[in-house]
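Visitor: Give me a 3D structure for the following:
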Amino acid sequence: MACRITGLVLDCHDPDRLAEFWCAVLGYEVIGHEPDGLELGVPGARLGDGPPTLVLAQSENPKRAKLPLHIDVNPAGSDQETELARLTALGARPADVGQTGEESWVVLQDPEGNEFCLLRKDIGAAGKQHG
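Guide: Residues are numbered from 1 along each chain as shown. Next up, the predicted model:
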C-alpha cells in the first residue's frame, strides 16, 4: 500500500481572486467551498482520479519566504512561449530566484506572489490528459 498526493494547499489573502487565476491556468473549476477557502479541481473528476486538487486557504499571514515546495506546470497543446504569453495575460509575473538565464523553465509568480515554474515540454491537449 502507498499514499498518493490528492491535494496541494496554498495559503493566500484572497482565495476568490486566486481561484480565477489558477482555474484559468490549469483548466480547473471550483469544486468545493469552505469557510476559509476554496478547492479547485478537474471538472467532473473524483478525488484521487487525475491530478491533485488545489486548495486555496485564506490566511491573514501567508508565508512570503521561499518555500521548499512549488508548483510546476507544462504547456498542454502549445509551446512554452505561447503558454508564457497566456499566463502573463492572466496575471502571472516574472520572478527572479537567482536563475542564470540558461534554464529550460521560466519562473513566474501568481497574482499574490506565489512562485511557480513553466516547464518547456508540451504534454498534449488538456482534454487528453484526463480522459
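
Visitor: Check Leu119 and give its pLDDT.
Guide: Here, the pLDDT recorded for Leu119 equals 96.

Visitor: what's the answer for Lys128, then?
Guide: 44.

Visitor: what's the answer for Gly131, then?
Guide: Confidence score, pLDDT, at Gly131: 36.

Visitor: Same check on Glu60?
Guide: 87.

Visitor: next one: Ala76
Guide: pLDDT, Ala76: 92.

Visitor: Leu118 is in contact with that one, correct?
Guide: No. Using C-beta atoms under 8 Å as the test, Ala76 is too far from Leu118 to be in contact (11.4 Å). (Each C-beta comes from the backbone N, C-alpha and C, glycine too.)

Visitor: So these two - more neighbours on which side?
Guide: Neighbours per residue, other C-beta atoms under 10 Å: of Ala76 and Leu118, the larger number sits with Leu118, 21 against 16.

Visitor: List the contacts of the residue in the chain sticking out farthest from the centre.
Guide: Outermost residue of the chain with respect to the C-alpha centroid, by C-alpha atoms, centre = their mean, is Met1; its distance is 28.1 Å. Not one residue lies near Met1 by C-beta atoms under 8 Å, 6 or more residues apart in numbering.
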